[in-house]
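Novice: Take this sequence and fold it.
(one chain, ligands or ions: 2)
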Amino acid sequence: MKTAVLKPKAHNWKSWLGLISLAMLSLSACTLPRVRTTVTAPAQIRVTIVATPAPTANPTTAASPTASAATSDTNPTASPSAQATASPPAAANTGPASVRLEQLVDGLDEPVYLTQAGNGTSVLYIVEQAGKVLTYDTGTLNETPFLDIVDRVNSSGNEQGLLSIVFSPNYKSDGFFFVNYTAKNGDSVTSRFSANEDRQTADADSELVLLTIEDPYGNHNGGLLKFGPDGMLYLGMGDGGSAGDPQNNAQDTQSLLGKMLRIDVSKASEAEPYTIPSDNPNFGDDAKPELWAVGLRNPWRYSFDRETGDLYIADVGQNAYEEVNFQPAGSGGLNYGWKLREGLEEYSGDKQPQFTDPVVEYPHADGCSVTGGYVYRGKAIPGLVGTYLYGDYCQGTIWKLTPNGDSWNNEELLKDNLRISSFGEDDSGELYVLDHSGAVYKIVAE
Ligand SMILES: [Ca+2]
Ligand SMILES: [Ca+2]
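Specialist: Ligands and ions are numbered 1, 2, ... in the order given. Now for the predicted structure:
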């Protein structure tokens with residue numbers, strides 16, 4: 001029976017888990033092992049493998065409906081085809097990859113993001129939700145924050161706070177970086193800041209606010225900024241919050257909420273904080289010109305494959321299903337279905353021809369809130385190359401999603417007692433896992 005049920009419960013990637021998390025914390029906080037081992041058993045999750053959208057979707061038109069979904073209740077195979085072609089992207093996966101998590105640092109205050117600056121240094125930048133960016137370099141966590149804007153960040157809600165940082169593609173010369181945070185009044189703020197001359201710290205007074213989005217509820221704030229391979233700045237925005245998108249923002253093209261946005265900040269100034277890229281998709285005459293993709297609930301973490309430019313958007317579900325969406329490089333203009341669809345299922349309506357289904361979903365028996373990761377393009381774990389990693393906030397599972405001809409293989413990579421708030425990718429393509437309880441791990445070969 002596929003009757004949509006609008007439950008009054010607010011699904012919230014942290015709050016509804018508060019009790020569980022506290023219980024987990026009380027059990028685990030004192031006994032975190034330094035090195036975590038791999039679970040090599042095949043995935044026990046119910047995986048739904050879906051045919052992928054055509055990789056040549058026209059950027060200015062809605063996607064054609066995807067091929068009919070093929071649902072499988074069996075465990076996926078562990079050996080992807082070596083002949084994966086056109087769509088999804090060809091993988092260079094050379095076999096099983098055995099990995100473990102190596103703890104780099106703990107004792108952090110709710111880390112939610114990690115990245116590097118792209119300027120040739122070994123510094124890792126770690127975002128703490130309350131409003132600080134810390135630097136970690138070859139074994140040392142620096143006491144002085146790179147950036148401290150706790151004074152203007154509202155982190156009172158479970159999903160509010162300083163949510164991401166991204167460095168200018170020309171950071172080495174211009175010293176600019178961009179952050180998204182929740183303002184004291186609850187609005188979503190995207191700002192540019194300047195690093196100091198030595199690049200060791202930043203000037204908290206250098207803020208140039210680029211985009212402020214009114215946000216009606218404390219949850220579903222998206223907040224991840226990334227530069228695409230096209231040099232444009234992308235921002236994932238949640239549907240505003242509450243539960244069941246009561247304002248219908250995700251399908252409203254006159255709202256910036258529940259969307260992927262794309263803007264040009266290369267000439268940002270007070271007079272003109274950003275411009276609209278000339279090749280943004282057209283969602284209609286009245287649509288906001290910043291829109292790149294619509295129909296998202298809370299695209300908390302997404303990423304571009306640094307080799308192909310393909311975009312993977314993990315969209316946090318409501319009460320039943322978590323999903324990962326695959327967007328071939330340059331395919332703006334897609335509609336990911338929320339709130340009519342949750343994963344591959346009906347939520348408040350029928351599937352429309354213009355909707356793009358996720359490539360994988362998992363039910364809440366296997367987690368509560370998807371945390372998108374990255375396609376591995378590093379050198380240390382050859383068996384993982386071309387594989388997309390993602391995880392779950394509640395159960396600490398990390399899956400690997402591998403292209404296999406016209407479909408995808410989904411397998412459990414490992415499972416540990418982590419509250420996975422984010423993954424991180426460094427400049428060489430190596431990956432990290434952030435435990436919201438306070439630690440950062442590097443994914444290394446076993
Ligand atoms: Ca919100
Ligand atoms: Ca969807």
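Novice: Report pLDDT for the residue nearest to residue 311 when sequence neighbours are not counted.
Specialist: Of all residues not flanking residue 311 in the chain, residue 327 sits nearest, at 4.0 Å (C-beta to C-beta, 6 or more residues apart in numbering). Where C-beta positions appear, they are placed from N, C-alpha and C, glycine not excepted. On pLDDT, residue 327 comes in at 98.
Novice: For residue 327, give me phi and psi.
Specialist: Taking degrees, to the nearest 10, you get phi -120, psi 110 for the backbone angles of residue 327.
Novice: So it is in contact with residue 313, correct?
Specialist: Yes - counting by C-beta atoms under 8 Å, residue 313 is a contact partner of residue 327 at 6.5 Å.
Novice: For the helix or strand containing residue 441, name the packing helices and strands.
Specialist: Here residue 441, judged by DSSP states H and E, is contained in strand 439-445. Judged by 3 or more C-beta pairs under 8 Å, 6 or more residues apart in numbering; DSSP states H and E, strand 439-445 is in contact with strand 99-105, strand 111-115, strand 431-435.
Novice: Now do the contacts for the nearest residue to residue 389 once chain neighbours are set aside.
Specialist: Spatial nearest neighbour of residue 389, chain neighbours left out: residue 373 (4.0 Å); criterion: C-beta to C-beta, 6+ apart. By C-beta atoms under 8 Å, 6 or more residues apart in numbering, the residues touching residue 373 are 301, 303, 312, 314, 388-391, 398, 423, 431.
Novice: possible to save those as TSV with distance to ligand 1?
Specialist: Formatted as TSV, those follow (distance: C-beta to the ion, whole Å):
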residue	distance to ligand 1
301	16
303	22
312	23
314	17
388	27
389	27
390	22
391	22
398	27
423	22
431	28
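Novice: Among those, which are located in helices?
Specialist: Of the contacts of residue 373, none are assigned to helices by DSSP state H.
Novice: mind listing which of these are in strands?
Specialist: Among the contacts of residue 373, the ones falling in strands (DSSP state E) are 301, 303, 312, 314, 388-391, 398, 423, 431.
Novice: Would you mind checking which of the contacts of residue 373 is nearest to ligand 2?
Specialist: Of all the contacts of residue 373, ligand 2 sits closest to residue 314, with 10.4 Å by C-beta to the ion.
Novice: Report how many residues lie close to the closest residue to the closest one other than its chain neighbours.
Specialist: Excluding the flanking residues, the one nearest residue 314 by C-beta to C-beta, 6+ apart is residue 372, at 2.9 Å. Residue 372 is flanked by 24 other residues according to other C-beta atoms under 10 Å.
Novice: Just the angle for the helix or strand containing residue 372 relative to strand 311-315, thanks.
Specialist: Per DSSP H and E, residue 372 falls inside strand 370-375. Orientation check (axes from the mean of the first three to the mean of the last three C-alpha atoms, to 10 degrees): strand 370-375 against strand 311-315 gives 160 degrees.
Novice: Strand 370-375 pairs with which strands?
Specialist: Note on strand 370-375: by DSSP bridges, its sheet partners are strand 388-392 (antiparallel).
Novice: Show the average pLDDT along the partner strand.
Specialist: 98.
Novice: Looking at the stretch 151-300 of the chain, which residue is nearest ligand 2?
Specialist: Residue of the stretch 151-300 of the chain nearest ligand 2, by C-beta to the ion: residue 295 (6.2 Å).
Novice: quick one: that residue and residue 336 touch, right?
Specialist: Yes - contact criterion C-beta under 8 Å: residue 295 and residue 336 qualify, at 4.1 Å.
Novice: what do those two both touch?
Specialist: Going by C-beta under 8 Å, 6+ apart, residues that sit against residue 295 and also against residue 336 are residue 355.
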